[in-house]
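# Prediction below, plus the sequence it came from.
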Amino acid sequence: MNQARTLGTPRLLGIVWPFIAVVLFQALLGGVSLYVLSAVRGYVAGESLWSKGQKDAIYYLNLYADSRDESKFLKYQEAIAVPQGGHELRLALDQQPPDIEAARLAILKGGNHPDDVPSLIWLYLNFRHFSYLEKAIDRWTVGDAYLDQLDDVARDMHQHISIKPAHPDDIQRWKEQIFDINNGVTPAAKAFSDALGEGSRMIMRLLLATNLATALGLIALALLRTHKLLKQRHAFADALQLEKERAQITLQSIGDAVITTNVEGAIAYMNPAAEALTHWKAEQASGLPLAALFNLLDDNAQADGFTLIEHILSGQLSGGSEHSKLIQRLDGSTVSVTLVGAPIRNAGKVSGAVLVLHDMTQERQYIANLSWQATHDALTGLANRREFEFRLEQALQGLTRQSGRHALMFLDLDQFKLVNDTSGHAAGDELLRHICALLQSGLREGDTLARLGGDEFGILLENCAPQAAEKIAEGLRQTVQNLHFVWKGRPFVTTVSIGLVHINAHPTTLEVSLRAADMACYMAKEKGRNRVQVYHADDSELSLRFGEMAWVQRLHMALEEDRFCLYAQEIAPLGHVEQGGGHIEILLRLHDEAGRMILPDSFIPAAERYGLMTTLDRWVVKNVFKIIAQCMAEKHNEPLAMCAINLSGTTIGDEAFLDFLRQQFISYAIPPEIICFEITETSAISNLASAIKFINELKGLGCLFSLDDFCAGMSSFAYLKHLPVDFLKIDGSFVKDMLDDPINRAMVEVINHIGHVMGKRTIAEFVETPQIEQALLDIGVDYAQGYVIERPHLFTCDSLKSRPARPQPLLFKAPGTFR
């Protein structure tokens, strides 16, 4: 902050204001001094007039006593009027408040000049108690008393002489009185004059001292101010020197070349960066023109014809923008730079120019590296997905202008994750580099090999016939298979799955081509890996996979737009089972974009294949619990039906789903005993350990479990004793034809019998006629579910109400049934 003030531009008023103040004070002091001296002079003059008046009065009164001439008495009155004016002045100013007008008239009566009136009044009122003036006023008062006596003698004398001739004795008596008064007033007048003179001299000395002190103060202030100005000047000089040194250090330290010239363009200064850029030393270049250091070239390395110094001085290379140029040094080498120049102005006139050159070599290298990184894979050096899609797009656009055939391949390494998991990512990276080299060696010149991510690669064969493309694909597959990769003494078998798409002149898009190649590669892996799968538009299996892939996006949109809904279907007890609060199964439905109802068979396979089942199961559980909580709040203590919720095999193996369920039970305060989770036989058996752990965890909370589609795999009995489920759902494929197919009926009877032996209740699906219901009743199945019982309906609070017992069909026990 101090430095900023030091370097600020000084203002004239800021420099001279102390001197102006002192001069004004001196002028004011001089004016006051002159005014006081004028007042003192007026009193001295008045004292002279007073003394002369009293002497003349005594003189004329003596003459009047001798001559009794009336003219002498008039002379006396004129003379005595002067000291009487002084007496009246003192009396007027001693009043409270002072009578200024009477004082003015008294001063004029005393013979003073009219211009002295204000100063005389001012001095008396303000300095009457000043020691010397107070002493003078005391003597003045004494003199006035004698003059009053003299005036009394004069009136007495004039009165007697006017009436009759005066007796000599009276004359003698009056003259003696006059003599006595004169003897008394003369010392008083002298004392008054001495006191007034001493006061005036004292005032003169005081004013002189004051003026001398003021002069000394002015000299001291001038010295101080001059010292401060000199100090500021030194500070300016030091700050300028510091700024100059800082600017020099800055210019020497910055990486940009800085060159300054005079107005003719002769070089005056070069920093070290400019020396390094131009290959000239500052001492050698000083005084030379700019053209001696380098030549400016345009983008085509042709000499630029403009005069650089003229462009700078005209402002065409101002700092508002950078101008890229190529400069050629005297040794013939060139370097790309950006130029910024500006004229140097001094007092409004151009005194030179400054030119800043930034070496763009490193930036251009960075740009080149970034451009390469943006289009290539860092690990393998191959083109990346972005570049691959760009080249494919260009090839597809070329087909619209000229007929031809291209081939597109997607490659996915088989079991590559095994290498990373067992030997680490360093082994995986090394394997990828080996395979990239092998793949590149098996392609034609001009073919594009790209790493699309992880262990996935893409190949674009431009202008390649189908037979040649398939031959190349097979050769690549064989090459990868023949690779013997060993990492730290451990060998690995490498194979690759390849999806191949032939692209001809028919209109196609980038998205369609990539999806087709991806699907063909996926089918190659599904069919056993280590194979080439050629895409054909009429392939029904591929069409099915395309449909499933399309469903993935639709399911994501349906979740975002909340287009799923829940339905419920009753599971009714048959006659020999006690009635409870009811039992329903929760079914999932989807409203498509047009509002049509979609059954689960259409979208569940896609959700299972592409990992969306856990998300759907979470949505179902949360929304079922939400509706149950609402019903509990509305119906209070009424018993609610048991809700059966289907869970997928993926969800059973998800550790996080158990935590999710516990949180939902707590959040919605749902009694676990009214929740029954249904899992399919296939998912339970394929994840037996996970299924057992999952079931035991939730049964510990109080939940029930049902095993769905039982016996559909024909291997269920061996695993059933390990699964602690509460219900067995007999697969509907046995139930729906059990009246016509004795084997199906026997299967229902066996399943029901074994379930009861193990202490589990049985539920038959697809009960669609009263005859099937009667047959199940005869067999002893515990529950039935199907259209004859109830058709699915929207899941609401009414779905959870306790249901009245259904009228049972006539009980007819068929011979040979297991009970």
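Thanks, I have it.

# Need the residues that contact the strand or helix carrying residue 284.
Using DSSP states H and E, residue 284 sits within helix 282-285. Around helix 282-285, the neighbours that count as contacts under C-beta atoms under 8 Å, 6 or more residues apart in numbering are 267, 269-271, 274-275, 278, 292-293. Placement of C-beta: from N, CA and C, glycine included.

# Most widely separated two among these?
Greatest spacing in these, by C-beta to C-beta: 271 and 292 (17.4 Å).

# Which of those two has more residues huddled nearby?
Neighbours were counted for residue 271 and for residue 292 using other C-beta atoms under 10 Å; residue 271 has more, 22 against 14.

# how far does stretch 473-488 stretch from start to finish?
With C-alpha to C-alpha, to the nearest Å as the measure, the ends of stretch 473-488 fall 30 Å from one another.

# Also stretch 499-511?
15 Å.

# go on, stretch 669-676?
Stretch 669-676: ends 16 Å apart by C-alpha to C-alpha.

# tell me the mean pLDDT over it?
Mean pLDDT, computed over stretch 669-676, is 93.

# mind listing what's buried in the helix or strand following the helix holding residue 284?
Using DSSP H and E, the helix or strand that follows helix 282-285 towards the C-terminus is strand 294-297. By neighbour count on 16 or more other C-beta atoms under 10 Å, the buried set for strand 294-297 is 294, 296-297.

# What confidence value was assigned to the closest residue to residue 484 other than its chain neighbours?
Take residue 484 and drop its neighbours on the chain: the residue closest to it by C-beta to C-beta, 6 or more residues apart in numbering is residue 491, 6.5 Å away. Residue 491 is assigned 89 on the pLDDT scale.

# Same question for residue 328.
pLDDT, residue 328: 78.

# Same question for residue 239.
80.

# do the same with residue 134
Taking residue 134 on its own, its pLDDT is 67.

# for the helix holding residue 284, what is the average pLDDT?
Per-residue pLDDT over helix 282-285 has a mean of 82.

# Repeat that for stretch 495-508.
83.

# Between the two ends of it, how far is it?
Start-to-end, stretch 495-508 (C-alpha to C-alpha) is 31 Å.

# so residue 211 makes contact with residue 28?
No - using C-beta atoms under 8 Å, residue 211 makes no contact with residue 28, being 11.6 Å away.

# quick one, which of these two is more surrounded?
Using other C-beta under 10 Å, the more surrounded residue of residue 211 and residue 28 is residue 211, with 14 against 11.

# which residues touch that one?
Residue 211 neighbours (C-beta under 8 Å, 6+ apart): 26, 29-30, 33.

# of those residues, buried ones?
Here, 16+ other C-beta under 10 Å leaves residue 33 buried among the contacts of residue 211.

# got CSV for the contacts of residue 211, with pLDDT too?
Output for the contacts of residue 211, formatted as CSV (pLDDT from 0 to 100):
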residue, pLDDT
26, 72
29, 73
30, 73
33, 70
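
# Mind checking which of the contacts of residue 211 are in strands?
Nothing among the contacts of residue 211 maps onto strands, per DSSP state E.

# Next SSE downstream of the biggest helix by length in the chain?
Using DSSP state H, we find that the single longest helix of the chain is helix 168-253. Per DSSP H and E, helix 168-253 leads on to strand 257-262 as the next helix or strand towards the C-terminus.

# Just checking the distance from the helix or strand just after that next one to the centre of its chain.
Note on strand 257-262: by DSSP H and E, the next helix or strand toward the C-terminus is strand 267-270. Its chain's C-alpha centre and that of strand 267-270 lie 44 Å apart, by C-alpha atoms, centre = their mean, to the nearest Å.

# How about stretch 463-483?
Distance, centroid of stretch 463-483 to centroid of chain: 55 Å (C-alpha atoms, centre = their mean).

# Can you list the buried residues in it?
Neighbour-count burial for stretch 463-483, counted by 16+ other C-beta under 10 Å, picks out 464, 469-470, 472-473, 476-477, 479-480, 483.

# what do you get for stretch 75-95?
For stretch 75-95, by 16+ other C-beta under 10 Å, it's 75-76, 79-80, 82-90, 92-93.

# if you look at those residues, which of them are in helices?
Going by DSSP H, the helices hold 75-76, 79-80, 82-90, 92-93 from the buried residues of stretch 75-95.

# for the residues you listed, which one is nearest residue 537?
residue 93 (130.9 Å).

# quick one on the thing from earlier: which of the buried residues of stretch 463-483 lies closest to residue 583?
residue 477 (54.9 Å).

# Name all residues that make contact with the closest one.
Residue 477 touches 495-496, 498, 530-532, counting by C-beta under 8 Å, 6+ apart.

# Can you tell me the element it falls in?
Residue 477 belongs to helix 466-481, assigned by DSSP H and E.

# shaky segments in the stretch 201-350 of the chain?
247-248, 252-253, 298-311, 313-323, 348 (pLDDT under 70).
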